[in-house]
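Asker: Build me a structure from this.
(2 chains)
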Amino acid sequence: MPRTSFEAKNGCDTSRRHRPGHQINQLLTILGLHRNNRKLTKMTNVLTQARPIRLKGRSFLALVLTPELPFEDWVVRLDDLAARSAGFFLRRPIVLDVEGLAIDRTQLREMVEMLASRNVRIMGIEGARPSWLDSAMPPALTDGRPASDIEPPAAKADPAPPEDETADEAVPAPIEHATHAVRAAPSLMVTQPVRSGQSIIFPEGDVTIVGSVASGSEVVAGGSIHVYGTLRGRALAGTMGNAEARIFCRKLEAELIAIDGFYKTAEDMEPALRGRAVQIWLEGDKIVTGTLG
Amino acid sequence: MGKVIVVTSGKGGVGKTTSTAALGAALAQGGAKVVVVDFDVGLRNLDLVMGAERRVVYDLVNVIQGDAKLTQALIRDKRLQTLYLLPASQTRDKDNLTAEGVEKVITALRKNFDWVICDSPAGIERGATLAMRHADVAIVVTNPEVSSVRDSDRIIGLLDSKTLKAERGEQMEKHLLLTRYDANRAERGDMLKVDDVLEILSIPLLGIIPESMDVLRASNVGAPVTLSDDRSPPALAYFDAARRLNGETIPVAVPGEKRGFFGKFFGRKAA
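Answerer: Here you go, the predicted structure:
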């Protein structure tokens, strides 16, 4: 039953009963209801001069547990492992890989709960149907790249049954083993001009382009970007959180440049630098440009 | 075995259909067997420019769907014995073109003609990608102004990725045809200069066609500009372009510039 004439006119859902002393709050809430399809919204102040939120990329190495059916048997083996290295799972975020397992939503939920009761915190689930993962469950993870298997630590007095340790099960290990030999930083070499509409995306390292980057194209690199030609499109360097990355070009006509999330559009670049050979780098949170030679 | 040329641009209204007809007629006048194919299903114009709009019985979509044989759909030009037209449908649209159907038609045409010139529709969707798919040579038609140049750049990127040649790892032979060039406006700075366009697009220059009223007159009369008025500046430029397609090396003359400045005849080719 409508409580004010305003509600009556606008047909709001008034199943919520407001206390009489909160008349003003009620009106504000109703304004929210009216404007937004009857969904209750809070009227918040929008910051007009907001600093853009920086979204950084970062990669972490996760331990993946791949359960096998029947689940109870697998859990017994897991307990055995946990007993041999007490407290290991406590500190680690674990990813559960259920790809290809013949289970349903309830079984998945039970799995997660059973693991939680053993203090194994699941931070994400791979290979599950999106409809199974509601807000109570860990989020879905996709596009995981395989890293080397993690070897178990040397067992204690009793010789642990090795046949239980399948390659699929990620077993606890000292962290030093996970970071293996030093790899040379990869770099991508592009020897043709980048045409309008094309995107060169290389999060692993530097990108070198022998040619021009056309207006309407973009180069996204985890490292630095070197353009031996005219940069007319967008260049985004240091996208994986690398603030040391730089952008070099023979002729600057760029539409947008960014280093580690901080960006500048063509509007804000110094007009004296357009058409010149420049290098662009980051000092703190400011983008600095300088001519080359 | 004939060569398949696609005349494409990305941007609409730059002179693809005009150039297809003019080049087709120029090549046919040189004695070659030429067929011009209209790929703009639903918005066909090549039949108007060729003057064959009153003789269209069957079209490309009919041939693809098997309602007619290729020989029934081809229309021979009244003025040139070796020039044929395969019109598009006006009542259907691009969804009626299938990749296999287009492949069959182009293969059949390649066997019987020296040159198969495909008039691509504007845009980058199905019609344009199907038109370019089987091409050996691409002619990118561009006006010397910024939006046309950027769209041409996009289409060059697609030529390097969505064609059979690109999928086989071969390089597609690309040529730039600069149309509607107005020397006065280029001098004043209203239009991009030839060198600017070449620097941005980096493909070899096939020819520069000057802006001219002859083109409009020719299409109203229903004749390619190289047939209706073969002494006009655009017609002469198209004849030169056709000769370059045949492999001759002719220096490109920028319209409106005084002859005799030999320095200006150098450095017009690829960037």
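Asker: Show me the strands in the stretch 51-200 of chain A, by range?
Answerer: Secondary structure of the stretch 51-200 of chain A, counting by DSSP state E, counting those that start in this stretch: strands at A:63-65, A:94-97, A:122-126, A:140-141, A:187-190, A:199-202.
Asker: So which of the ones you listed is nearest residue B:148?
Answerer: Among those, the nearest to residue B:148 by C-beta to C-beta is strand A:199-202 (22.4 Å). All C-beta atoms are positioned from the backbone trio N, CA, C, and that covers glycine.
Asker: And that closest one, what's buried?
Answerer: By 16 or more other C-beta atoms under 10 Å in any protein chain shown, the buried positions in strand A:199-202 come out as A:200, A:202.
Asker: And the helices in chain B?
Answerer: B:16-29, B:46-50, B:60-64, B:70-73, B:99-112, B:126-133, B:146-159, B:164-167, B:183-188, B:194-201, B:213-221, B:225-228, B:233-245 (DSSP state H).
Asker: most neighbours per residue, which of the ones you listed?
Answerer: With neighbours taken as mean count of other C-beta atoms under 10 Å in any protein chain shown, these reach their highest mean count in helix B:16-29, at a mean of 28.
Asker: Using CSV, write out the CA atom coordinates for that one.
Answerer: In CSV, the C-alpha atoms belonging to helix B:16-29 read as follows (Å, rounded to 0.1, in the frame of the first residue of the first chain):
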residue,chain,number,x,y,z
LYS,B,16,36.3,1.3,-57.7
THR,B,17,33.5,0.6,-60.1
THR,B,18,34.7,3.4,-62.5
SER,B,19,38.3,2.0,-62.4
THR,B,20,37.1,-1.6,-62.9
ALA,B,21,35.3,-0.6,-66.0
ALA,B,22,38.0,1.7,-67.3
LEU,B,23,40.8,-0.8,-66.7
GLY,B,24,38.8,-3.7,-68.1
ALA,B,25,38.0,-1.7,-71.3
ALA,B,26,41.6,-0.6,-71.6
LEU,B,27,43.0,-4.1,-71.3
ALA,B,28,40.4,-5.4,-73.8
GLN,B,29,41.3,-2.8,-76.3
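Asker: distance between that helix and the chain's centre?
Answerer: Helix B:16-29 sits 7 Å away from the centroid of its parent chain (C-alpha atoms, centre = their mean, to the nearest Å).
Asker: before we move on, what about stretch B:172-192?
Answerer: 16 Å.
Asker: ok, whatever residue of chain A ends up closest to chain B - how many residues close by?
Answerer: Nearest residue of chain A to chain B: residue A:195, at 3.0 Å (C-beta to the nearest C-beta). Residues near residue A:195, counting by other C-beta atoms under 10 Å in any protein chain shown, number 25.
Asker: same question, residue A:68
Answerer: 12.
Asker: For it, which non-adjacent residue is spatially closest?
Answerer: Distances taken as C-beta to C-beta, 6 or more residues apart in numbering or on different chains place residue A:74 nearest to residue A:68, at 4.9 Å, with adjacent residues excluded.
Asker: On the pLDDT front, check that neighbour for me.
Answerer: On pLDDT, residue A:74 comes in at 84.
Asker: I'd like to know how far it sits from residue A:96.
Answerer: Separation of residue A:74 from residue A:96 (C-beta to C-beta, to the nearest Å): 12 Å.
Asker: can you check residue A:62 too?
Answerer: 10 Å.
Asker: picking that back up, among the helices of chain B, which is nearest residue B:89?
Answerer: Closest among the helices of chain B, using C-beta to C-beta: helix B:60-64, at 4.1 Å.
Asker: list the helices and strands the closest one packs on?
Answerer: If you count contacts as 3 or more C-beta pairs under 8 Å, 6 or more residues apart in numbering or on different chains; DSSP states H and E, helix B:60-64 packs onto helix B:70-73, helix B:99-112.
Asker: could I get these as CSV with mean pLDDT and distance to chain A?
Answerer: Listed next are the helices and strands packed on helix B:60-64 as CSV, based on pLDDT from 0 to 100; distance: least, C-beta to the nearest C-beta, whole Å:
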stretch, mean pLDDT, distance to chain A
helix B:70-73, 95, 34
helix B:99-112, 96, 22
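Asker: For residue A:106, which of those helices is the nearest?
Answerer: Of those, nearest to residue A:106 by C-beta to C-beta is helix B:99-112, at 45.8 Å.
Asker: Can you give the contact residues for that closest one?
Answerer: The contact list for helix B:99-112 (C-beta atoms under 8 Å, 6 or more residues apart in numbering or on different chains) reads B:1-2, B:4, B:33, B:35, B:37, B:60, B:63-65, B:70, B:86, B:116, B:118, B:130, B:133-134.
Asker: could you redo the last one with a cut-off of 7 Å?
Answerer: Helix B:99-112 is contacted from outside by B:1, B:2, B:4, B:35, B:60, B:63, B:64, B:70, B:116, B:130, B:133, B:134, using C-beta atoms under 7 Å, 6 or more residues apart in numbering or on different chains.
Asker: Near chain A, which residues of the stretch 101-250 of chain B are found?
Answerer: For the stretch 101-250 of chain B, the residues found near chain A under the criterion C-beta under 7 Å from any C-beta of the partner chain are B:150, B:153, B:154, B:156, B:157, B:202.
Asker: Name the single longest strand found in chain B.
Answerer: strand B:173-181 (DSSP state E).
Asker: who does that strand touch, helix- and strand-wise?
Answerer: strand B:137-142, helix B:194-201, strand B:205-210 (3 or more C-beta pairs under 7 Å, 6 or more residues apart in numbering or on different chains; DSSP states H and E).
Asker: Which strands border it, and is each parallel or antiparallel?
Answerer: strand B:137-142 (parallel), strand B:205-210 (parallel) (DSSP bridges).
Asker: Mean neighbour count and mean pLDDT for these - can I get that in a markdown table?
Answerer: Formatted as a markdown table, the strands paired with strand B:173-181 follow (neighbours: other C-beta atoms under 10 Å in any protein chain shown; pLDDT from 0 to 100):
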| stretch | mean neighbour count | mean pLDDT |
| --- | --- | --- |
| strand B:137-142 | 25 | 97 |
| strand B:205-210 | 24 | 96 |
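Asker: Can you say which of those is nearest to residue A:131?
Answerer: Here strand B:137-142 is closest among the strands paired with strand B:173-181 (C-beta to C-beta), at 46.7 Å.
Asker: ok and the closest one relative to helix B:16-29, angle-wise?
Answerer: 130 degrees (axes from the mean of the first three to the mean of the last three C-alpha atoms, to 10 degrees).
Asker: Next, the angle from strand B:137-142 to helix B:233-245.
Answerer: 150 degrees.
Asker: and strand B:137-142, how far from the chain's centre?
Answerer: On C-alpha atoms, centre = their mean, the centre of strand B:137-142 falls 7 Å from the chain's centre.
Asker: Quick one: work out the angle between that strand and helix B:194-201.
Answerer: 120 degrees.
Asker: Now do strand B:137-142 against helix B:126-133: the angle between them, please.
Answerer: Using the same axes, to 10 degrees: strand B:137-142 against helix B:126-133 is 130 degrees.
Asker: Now do residue A:142: how many residues are near it, please.
Answerer: 8.
Asker: Report the next helix or strand after the helix or strand containing residue A:226 in sequence order.
Answerer: Residue A:226 belongs to strand A:225-231 when assigned by DSSP states H and E. Heading C-terminal from strand A:225-231, the first helix or strand you meet, by DSSP H and E, is strand A:234-237.
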